[in-house]
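Asks: Below is the sequence, then the predicted model.
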Amino acid sequence: MGAWEDLKGMVSVCDKCELSRTRTNTVFGEGNPDAEIMFVGEAPGKDEDAKGRPFVGAAGKLLDKMIEGIGLARADVFIGNIIKCRPPENRDPRD
Ligand code: SF4
């Protein structure tokens, strides 16, 4: 298993902060790990928490259109969030 898969595994079971108690799924991010472009959101929302995937709600549809607009597809870039678990009620992340 490579370092990337190791990291994914660590995130999937992470309990280093209080968000581990309220999340449904961790959201590691997806796309091309070797991409030249990475889109970084703040934190998973309700839809992302439910599906374990980044940017799958309304904002995700807009992001998909923006990526297509620059001649790329989701698989060409990497999409993730600074934090990997949804804050309750989408509050701002804490330090
Ligand atoms: S937000 Fe980050 S540190 Fe907190 S439980 Fe999730 S993966 Fe771990």
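Replies: Received it, and whenever you're ready, just let me know what you need. Numbers count the residues shown, from 1 in each chain.

Asks: Isn't Val77 up against Val40?
Replies: No. Counting by CB atoms under 8 Å, Val77 stays clear of Val40, with 10.9 Å between them. For every residue, glycine as well, the C-beta is placed using N, CA and C.

Asks: quick one: which of the two has more around it?
Replies: Val77 (18 against 11; other CB atoms under 10 Å).

Asks: quick one, what contacts that one?
Replies: When contacts are counted by CB atoms under 8 Å, 6 or more residues apart in numbering, Val77 touches 31-32, 35, 37-39, 67.

Asks: which stretches of this protein have low pLDDT?
Replies: 1 (pLDDT under 70).

Asks: Name the residues of it found near the ligand, please.
Replies: 11, 14-17, 19-20, 26, 83-85 (CB under 6 Å from any ligand atom).

Asks: ok so, going back, between the contacts of Val77, which sits nearest the ligand?
Replies: Taking CB to the nearest ligand atom as the measure, the ligand lies nearest Met38 of the contacts of Val77, at 17.4 Å.

Asks: what's the neighbour count on the spatially closest residue to that closest one that is not a sequence neighbour?
Replies: Distances taken as CB to CB, 6 or more residues apart in numbering place Phe78 nearest to Met38, at 4.5 Å, with adjacent residues excluded. For Phe78, the count of nearby residues is 19 (other CB under 10 Å).
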